[in-house]
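**Student:** Attaching a predicted model along with its sequence, questions to come.
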Amino acid sequence: MFDQRVPGIPSVAPAPSPVYVDVVLPRRLHRPFTYVIPSELTGQVAIGQSVIVPFGSQDLHGLVTAVHDRLPLGAPEQGLKAVRALAPASPNHLLTPAQIDLSRWLADRYAAPWGQCIKLVLPSVDQVDRRQSRYLPTEQGMTTPSSLEGLSEVEAQVLARLRRRPRGLTEATLAQGDKSRIARALQGLIRKGLVVHRHDAVVPKAPRGNRNFPQESAQAHLAKVTIDALPPPPEAAAWPTTVDQALSQDAGASLLLQGGRDTRFWCLVQAIRATVCRGRRVLVVTGDVENAGRLAESLMAVGERPLLLHSGLSARARTAVWQSAQASSATILVGTRMAVFAPLGGLGLVWVEGEDDVSLKEEQVPRYHAREVARRRASCDRALLVLASSHPSLESWAAAQQGEMKVCVYRASASAPSVRVIDLKAYAREIPAGTLLSPPLYEGIRDALRQNALAILYLNRKGFASVLHCADCGAMPQCDACSVVLTFFKRRNHVRCHYCGRTKPVPDHCHQCQSLKLEPVGSGTERIEEAVRRKFPQARVGRVDGETIRRPADARAFNRLLAADELDVVIGTQMLFRLGLQGQAAFVAVPDADAGLHVPDFRSAERTYHGLMDAVELARPAHAGGVVMVQTRLTVHHAMVALATGHDAVFLEQELAFRQMLQYPPLTSLVRLDVSGTLEPMVAQAADRWAALLRAEVAGAARLDIKAGCGSIMSQHAASAEGESSTVIILGPSPAPHAMVRGRYCWQILVKSLSPEAGRELVVRTRETLERGSRRGGLRFDIDVDPIAMA
DNA sequence: AGCACGCCGACT
DNA sequence: GTCGGCGTGCTC
């Protein structure tokens, strides 16, 4: 069809139609695969097009990333398969250049296979409906008497069933109940030529209906008027002007917004209106499903019509939302992490709500951080990026300090409760063993009960490790090199650093105060609930944690209980902050604020501080009697000082200084490498090999630097000690904190580097060499760029 | 990633 | 002997 040469005119190199395509498949594969374009598809295959290709024994949707008119380098010369079909010409199967770029960026940024990244920008590539493939008896299978063949019992049964249904049966129908047995029999029958497996590569049906919008509340129209008329909260008076200026900048500005939940929501509504006025679209991303739902509902209540996208929706519902976003029928989309890839064009505002939330980081490959993707999307569309939270992440705050974004702090001082930091050491003798109930805490609860008001106890015991601490001063032994808490191994009687893997004998005295009372901590918090119940037998006590609140329905039930005034004291973990109890408690206590510091992670102080801030937010304003008590043995810790004085900057500046001193993010860039497999010695050996490879590369680069530059010769010793002079530092390998996960042994290596690219590039290069070697023992090599926690 | 194939132990 | 569980290697 393309080859319409006019006869008579000599064929002077007519632009040849491409004959080969590179296809990226939605699998964990690092390279594209080359296919032949069959003659009937000549001229119809373009970059960005989704195609159906045979891959092994299955048919897959893949994405065309390149077209060639001759065999591309590296492709096998024979045995190439042909593209089976084009995916239907629906927007569902066509990536825009922007989406291709985003997926490519993601693959580079997070050292992830491109195919996996494409799944995020085009979820429907993964949906070739396998249930539509059918098994059919062949002619031979229809005619041969089954008794004659060497068939197993199951094979004979399956063949008999298929003979009765010459149009074939789907695997789902055939394999009811007994999957693998029948699948195996089918393979046997196929091998014997009695059955064929036919893939019609049917594309999933287009979803019906337009129920993608959350229910509109009856008062929405009225509400819109109300909020417009509502004066801005005094602390955020400057916001409308700030947003207006930011939106007017053509380059795409970034703002770091810090404030309470209600203030932030007001700011969001203002920003949305200003953006929509300019004819541009809005993407709002937040950490958890409930919050996304709540935001969407609140936006509905003020008259907006956001699309809602999160992992709680069915695949079909998600596809529908995706289509609506692409079809431009919506201007606002609210959702969780995954929503940051929604195909919403012409963005004017990208809002990350709760930008410090760790759930914005995906823990599966590709291990992206939605905040970073949001940044990328905003910059591609020259949109305004707003990172909003009650307490900024250190990353974002440092970026603001560097002048990369403007900071807007809208704190309503009037709504702050009175905060008291209690020194547990001072009450050591008065506290019943293991209960942590100091006299002031006890009084606080009693006062709240007397007023018939709510008391909340926040127990931060997430990710507890076995750690030693000094009973006198509260200090915890740390790794000299990594400055993270050392984990205590009782059986081996040693302490170990999870970052660099070094072990030491258990120290016999505290380095801070020379006390000899170093003891393991960790069990005290469990007894608090019991102690509260015993001390206040008349109080109605409720517990909120991962066990009591499993589903959103549980949270609603709990809220109903509270609303009906059925609870006096609520004890809980971070889960407390998701219930929307902000500003409701007369008394909030944190019996053991240090608990969060017992996590061997350089971010443990930041997490602890954020948890404490969230706890403070649960209390009423001081003028309404709101009191917060925070108990600690580390009263001089910057988190406690910041909390006691109410000056965020105390914490942020001090913490940033620590990170700088110890070369942690945000001042350096971190990559965690996971080596896992079924045989421990092989895993350990492979991890050693990778670390050695990395060190060799680093040393090689350092030698080059020396030759080129200063000429001073680094001694062997200094080189192997990886001194400050090096821009890349390799820590480990060490067994992962949870050394065995699902029968696989895990080891990890940390790569610290001054430039993010240097670390990433080094890691990717060495993985290639490593994977070229043997892959026995089920070894896997995973890369986590900017890890948020140790695995 | 997902699938087939092959080897091995448990059971009819 | 058959069944089904894993470990291993391959996919244009």
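**Tutor:** Sure, I can see it. In this text, all values refer to a predicted model and were calculated from it rather than measured experimentally.

**Student:** Just the strands from the stretch 201-350 of chain A, written as ranges.
**Tutor:** Assigned by DSSP state E, counting those that start in this stretch, the strands in the stretch 201-350 of chain A fall at A:254-259, A:281-286, A:307-309, A:332-336, A:347-353.

**Student:** Mean confidence (pLDDT) on the third one, please.
**Tutor:** For strand A:307-309, the mean per-residue pLDDT is 96.

**Student:** other SSEs contacting that strand?
**Tutor:** The helices and strands touching strand A:307-309, judged by 3 or more CB pairs under 8 Å, 6 or more residues apart in numbering; DSSP states H and E, are helix A:289-301, helix A:315-326, strand A:332-336. Bear in mind the C-beta positions are built from the backbone N, C-alpha and C, glycine included.

**Student:** Can you say which of the ones you listed is nearest to DNA strand B?
**Tutor:** helix A:315-326 (12.9 Å; CB to the nearest atom of the strand).

**Student:** If I take that closest one and strand A:332-336, what angle do their directions form?
**Tutor:** Interaxial angle, helix A:315-326 versus strand A:332-336 (axes from the mean of the first three to the mean of the last three CA atoms, to 10 degrees): 140 degrees.

**Student:** What helices and strands are in contact with helix A:315-326?
**Tutor:** Secondary elements touching helix A:315-326 (3+ CB pairs under 8 Å, 6+ apart): strand A:307-309.

**Student:** Please identify the deepest-packed of the helices and strands packed on strand A:307-309.
**Tutor:** Among those, ranked by average contacts under mean count of other CB atoms under 10 Å, first place goes to strand A:332-336 (a mean of 26).

**Student:** Identify whichever of the strands of the stretch 201-350 of chain A lies nearest to residue A:596.
**Tutor:** strand A:254-259 (21.0 Å; CB to CB).

**Student:** With distance to residue A:193 added, can I get the strands of the stretch 201-350 of chain A in CSV?
**Tutor:** CSV is the format used below for the strands of the stretch 201-350 of chain A (distance: least, CB to CB, whole Å):
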stretch, distance to residue A:193
strand A:254-259, 64
strand A:281-286, 53
strand A:307-309, 47
strand A:332-336, 49
strand A:347-353, 56
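
**Student:** Taking the stretch 351-500 of chain A, what residue is nearest to DNA strand B?
**Tutor:** residue A:365 (6.7 Å).

**Student:** count of neighbours near that residue?
**Tutor:** By the measure other CB atoms under 10 Å, the count of residues near residue A:365 is 16.

**Student:** Wait, a helix at it?
**Tutor:** No: remark: residue A:365 does not belong to a helix; assigned using DSSP: H, G, I helix; E, B strand; the rest coil, it is coil.

**Student:** what's the spacing between it and residue A:511?
**Tutor:** Relative to residue A:511, residue A:365 is positioned 40 Å away (CB to CB, to the nearest Å).

**Student:** and if you look at residue A:748?
**Tutor:** 27 Å.

**Student:** Which one of the two is surrounded by more residues?
**Tutor:** Using other CB under 10 Å as the criterion, residue A:748 and residue A:511 rank with residue A:748 on top: 26 against 15.

**Student:** quick one: secondary structure of that one?
**Tutor:** strand.

**Student:** Select the helix or strand of chain A having the lowest average pLDDT value.
**Tutor:** One helix or strand of chain A scores below all others by mean pLDDT, DSSP states H and E: helix A:716-721, with a mean of 35.

**Student:** residues touching the residue of the stretch 651-791 of chain A at minimum distance from DNA strand B, list them.
**Tutor:** The minimum distance from the stretch 651-791 of chain A to DNA strand B, using CB to the nearest atom of the strand, falls at residue A:780 (7.2 Å). Applying CB atoms under 8 Å, 6 or more residues apart in numbering, we find residue A:780 in contact with A:674-677, A:744.

**Student:** The closest residue to DNA strand C within the stretch 151-300 of chain A and DNA strand B: what is the separation?
**Tutor:** Residue nearest to DNA strand C within the stretch 151-300 of chain A (CB to the nearest atom of the strand): residue A:181, separated by 2.9 Å. When distance is defined by CB to the nearest atom of the strand, to the nearest Å, residue A:181 is 12 Å away from DNA strand B.

**Student:** So the nearest residue to that residue once chain neighbours are set aside: helix, strand or coil?
**Tutor:** Among residues not flanking residue A:181 along the chain, residue A:154 sits closest, at 5.7 Å (CB to CB, 6 or more residues apart in numbering). Under three-state DSSP, the three-state class of residue A:154 is helix.

**Student:** residues near residue A:154, how many?
**Tutor:** Residue A:154 has 16 neighbours, counted by other CB under 10 Å.

**Student:** List the contacts of it.
**Tutor:** So residue A:154 contacts A:181-182, A:184-185 (CB under 8 Å, 6+ apart).

**Student:** ok, and the most crowded of those?
**Tutor:** residue A:185 (23 neighbours).

**Student:** and that one, that's in a strand?
**Tutor:** No: if the criterion is three-state DSSP, then residue A:185 is helix and not within a strand.

**Student:** if we can go back for a sec, by mean pLDDT, show me the worst of the helices and strands packed on strand A:307-309.
**Tutor:** helix A:315-326 (a mean of 87).
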